[in-house]
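Participant: generate coordinates for the sequence data below:
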Amino acid sequence: MSISSETKRRRARNAPTVIVIERYTLARTTIVRLLEHEFAGWNFIDMVSTETLDSALGMNVRLVALDLAGRSMKSASLLDDLTAIEERFSEASIALLSNTDDVLMASQAQEMGIRGYFTPSIPIEIALAGLQLVLAGGVFYPHPLGALSGPAGAIQPRDEDRRVMNGSHYLTVADFTPREADVLAELQCGCSNKVIAGKLNLSGHTVKMHLQHIMRKLRVQNRTEVVARLGHQTSNGHDATTT
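Facilitator: Next up is the predicted model:
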């Protein structure tokens with residue numbers, strides 16, 4: 001028995017939906033086709049501008065990815081676009097598609113509550129992982145911690161964002177649980193298992209378990225390799241997995 005066109009339309013409107021707003025046709029259609037291939041069961045809509053947002057009213061919009069189009073974060077037209085999105089889809093997350101790796105703009109976007117910030121230097125597999133994180137309710141910013149935590153007065157990354165940034169390599173951020181991210185942050189500071197357990201109010205066994213999970217996900221053998229993988233150096237020099 002064939003499915004009626006009305007049923008198909010109803011299913012499409014109920015499916016979780018992502019709107020991609022990008023002025024250039026090639027970039028817009030390429031992004032949408034890639035996402036359609038990677039996210040089965042999701043509905044993807046491409047638009048040239050926010051002027052056509054009303055066509056998606058009534059749909060289950062989870063995310064709107066908006067092209068910055070060379071604008072600054074304080075641009076009146078960008079603020080108008082963000083307002084238009086929030087007025088129509090208040091429950092949806094917003095991600096920005098930037099054509100530069102400007103750290104200041106990324107930190108401004110973060111301060112404004114933008115959930116994702118995607119730049120042209122991000123490898124495709126990391127961009128997809130970052131998108132999965134945003135769709136799951138997380139935050140994706142691919143810039144190094146050091147760039148966002150510099151001199152006094154600079155914007156500091158929030159705790160939940162620490163797991164999605166690193167110094168010289170990108171991580172498959174969606175793979176780390178919040179607790180693993182906490183352990184990872186302490187490990188990068190050079191803390192031993194005992195110190196990590198005390199700071200996070202965990203048992204030594206639980207810390208060891210989280211470290212084993214982290215090492216497996218990063219495909220490394222010991223603590224030193226974990227830190228090296230992230231482009232940092234510990235201060236205590238330990239490399240045993242049970243320290």
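Participant: quick one, phi/psi of the closest residue to residue 86 other than its chain neighbours?
Facilitator: In this structure, residue 86 finds its nearest non-sequential neighbour in residue 94, 7.7 Å apart by CB to CB, 6 or more residues apart in numbering. Where C-beta positions appear, they are placed from N, C-alpha and C, glycine not excepted. Backbone geometry at residue 94, expressed as degrees, to the nearest 10, gives phi -120, psi 130.
Participant: residue 94 touches residue 68, doesn't it?
Facilitator: No - with contact defined as CB atoms under 8 Å, residue 94 does not reach residue 68; the gap is 11.6 Å.
Participant: returning to that earlier point: what pairs with the residue nearest to residue 86 across the strands?
Facilitator: Going by DSSP bridges, residue 94 is paired in beta bridges with residue 64.
Participant: how many neighbouring residues does the closest residue to residue 49 other than its chain neighbours have?
Facilitator: Among residues not flanking residue 49 along the chain, residue 21 sits closest, at 6.4 Å (CB to CB, 6+ apart). Residue 21 is flanked by 22 other residues according to other CB atoms under 10 Å.
Participant: correct me if wrong: residue 21 contacts residue 50.
Facilitator: Yes - with contact defined as CB under 8 Å, residue 21 counts as touching residue 50 (6.3 Å).
Participant: quick one: common contacting residues for those two?
Facilitator: Shared contacts of residue 21 and residue 50 (CB atoms under 8 Å, 6 or more residues apart in numbering): 66, 81.
Participant: what about the one helix or strand residue 62 maps to, distance to the chain center?
Facilitator: Assigned by DSSP states H and E, residue 62 belongs to strand 60-67. Chain-centre distance of strand 60-67: 14 Å, with CA atoms, centre = their mean, to the nearest Å.
Participant: so what secondary structure elements neighbour it?
Facilitator: Under the contact criterion of 3 or more CB pairs under 8 Å, 6 or more residues apart in numbering; DSSP states H and E, strand 60-67 touches strand 16-21, helix 76-88, strand 93-97, strand 116-118, helix 124-135.
Participant: avg pLDDT for the longest one?
Facilitator: Which is helix 76-88. The predicted model gives helix 76-88 an average pLDDT of 96.
Participant: next, the contact list for the residue nearest the centre of the chain, please.
Facilitator: When CA atoms, centre = their mean is applied to the chain, the residue found nearest the centroid is residue 140 (2.0 Å). Taking CB under 8 Å, 6+ apart as the contact definition, residue 140 lies against 95, 115, 116, 117, 118, 130, 131, 133, 134, 164, 173.
Participant: give me the pLDDT value at the residue nearest to it when sequence neighbours are not counted.
Facilitator: The shortest distance from residue 140 to any residue other than its chain neighbours is 3.6 Å, reached at residue 130 (CB to CB, 6+ apart). On pLDDT, residue 130 comes in at 81.
Participant: right, and residue 130 touches residue 119 too?
Facilitator: No - the criterion here is CB under 8 Å, and residue 130 misses it with residue 119 at 10.4 Å.
Participant: sweet, I'm off.
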